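*Asks:* Turn this into a structure:
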Amino acid sequence: MTKHVRTVVERGPKGKRSVAFGLDWPGWSRGGRSAELALETLESYRERYRPVAVLAGMVREFDAAGSLEIVEDRIGTGSTDFWGISFSPSSTEQDPMDKAHLERSITLLRACWAYFDGVAARVSPQMRKGPRGGGRDRDEIIHHTLRVESGDFATKVGVRAPEGAALTPDGLRQHREAYVAAIRAYNAGEVTQRMRSRSLAYLIRHSAFHTLDHAWEMEDKDLSAEED
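*Replies:* Got it, this is the predicted structure:
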């Protein structure tokens with residue numbers, strides 16, 4: 001029997017934008033001006049997400065996944081209306097996470113990082129200008145992505161690092177190892193400062209989404225083919 005992709009639809013309170021995401025595939029998340037458009041875009045990104053499943057060693061499971069199946073249709077926050085991005089956990093994303101689920105999610109988060117690094121290494125330094133992300137070039141996108149993860153996301157599980165510490169190769173490796181270690185410690189209840197409106201599953205999903213969204217942005221704005 002074909003296994004469906006458990007999918008959550010999150011609608012902005014004012015109905016301006018919605019987002020759809022796969023619960024079991026952190027980072028596979030797309031927004032739109034309606035729930036229907038969000039779902040349509042999510043499906044269209046199935047092949048774009050597939051390399052992440054390959055890097056995670058889960059491509060057979062991913063390829064065997066069937067159609068999108070909505071398991072929750074919920075109202076998000078005002079930021080959902082503004083950005084078309086999920087900013088709160090779904091009803092199933094509660095703490096603590098089952099150990100197998102946690103490790104699977106960490107593996108996929110690492111795969112998103114690896115995919116991001118691969119894209120960053122092959123795209124052109126200058127990016128095609130357009131509305132998405134303004135006029136940022138490659139290095140500005142990279143620095144933004146890493147600064148937000150290290151200076152915002154990772155702090156939710158107790159990781160504190162100097163400004164810009166993740167912007168060197170060694171610093172990035174150390175940050176990611178510290179982040180993963182903190183995720184495990186948080187899940188085990190070893191981090192006393194707890195998130196109020198977020199959950200660990202949401203944080204991993206959001207970190208993966210932010211990483212992949214900017215990897216795809218770089219791909220979409222890459223000028224390498226035009227420079228050859």
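
*Asks:* how about residue 107, what does it touch?
*Replies:* 56-58 (Cβ atoms under 8 Å, 6 or more residues apart in numbering). Any C-beta I mention is one placed from the backbone N, CA and C, and that applies to glycine too.

*Asks:* same question but for residue 6, I mixed them up
*Replies:* 22-24, 69, 71.

*Asks:* Regarding it, which helix or strand does it belong to?
*Replies:* Taking DSSP states H and E as the criterion, residue 6 maps to strand 3-11.

*Asks:* pLDDT averaged over that strand, what's the number?
*Replies:* Here strand 3-11 scores 96 as its mean pLDDT.

*Asks:* strand partners of that strand, parallel vs antiparallel please.
*Replies:* Strand pairing for strand 3-11, determined by DSSP bridges: strand 18-22 (antiparallel), strand 65-75 (parallel).

*Asks:* Which one of these lies nearest to residue 158?
*Replies:* For the strands paired with strand 3-11, proximity to residue 158 was assessed by Cβ to Cβ; strand 18-22 is nearest, at 25.5 Å.

*Asks:* And the contacts of the closest one?
*Replies:* Taking contacts as Cβ under 8 Å, 6+ apart, the residues outside strand 18-22 that touch it are 5-12, 28-35, 37-39, 41-42, 68, 76, 80, 84-86, 205, 209.

*Asks:* When you filter these down to buried only, what's left?
*Replies:* By neighbour count, with 16 or more other Cβ atoms under 10 Å, those hold 5-12, 28-32, 35, 37-39, 41-42, 68, 76, 80, 84-86, 205, 209 as buried.

*Asks:* if we can go back for a sec, return the closest of the contacts of residue 107 with respect to residue 106.
*Replies:* Among the contacts of residue 107, residue 56 lies closest to residue 106 (Cβ to Cβ), at 9.8 Å.

*Asks:* ok, now which ones touch the closest residue to that closest one other than its chain neighbours?
*Replies:* Of all residues beyond its chain neighbours, the one nearest residue 56 is residue 111 (3.9 Å), with distances taken as Cβ to Cβ, 6 or more residues apart in numbering. Neighbouring residues of residue 111 by Cβ under 8 Å, 6+ apart: 52-53, 55-56.

*Asks:* thinking in terms of the whole chain, how far from its middle is stretch 171-183?
*Replies:* Centre-to-centre, stretch 171-183 and its host chain are 16 Å apart (Cα atoms, centre = their mean, to the nearest Å).

*Asks:* how far away is the residue nearest to residue 163 when sequence neighbours are not counted from residue 113?
*Replies:* Nearest in space to residue 163, with sequence neighbours left out and distances taken as Cβ to Cβ, 6+ apart, is residue 151 at 7.1 Å. For residue 151, the distance to residue 113 (Cβ to Cβ, to the nearest Å) stands at 16 Å.
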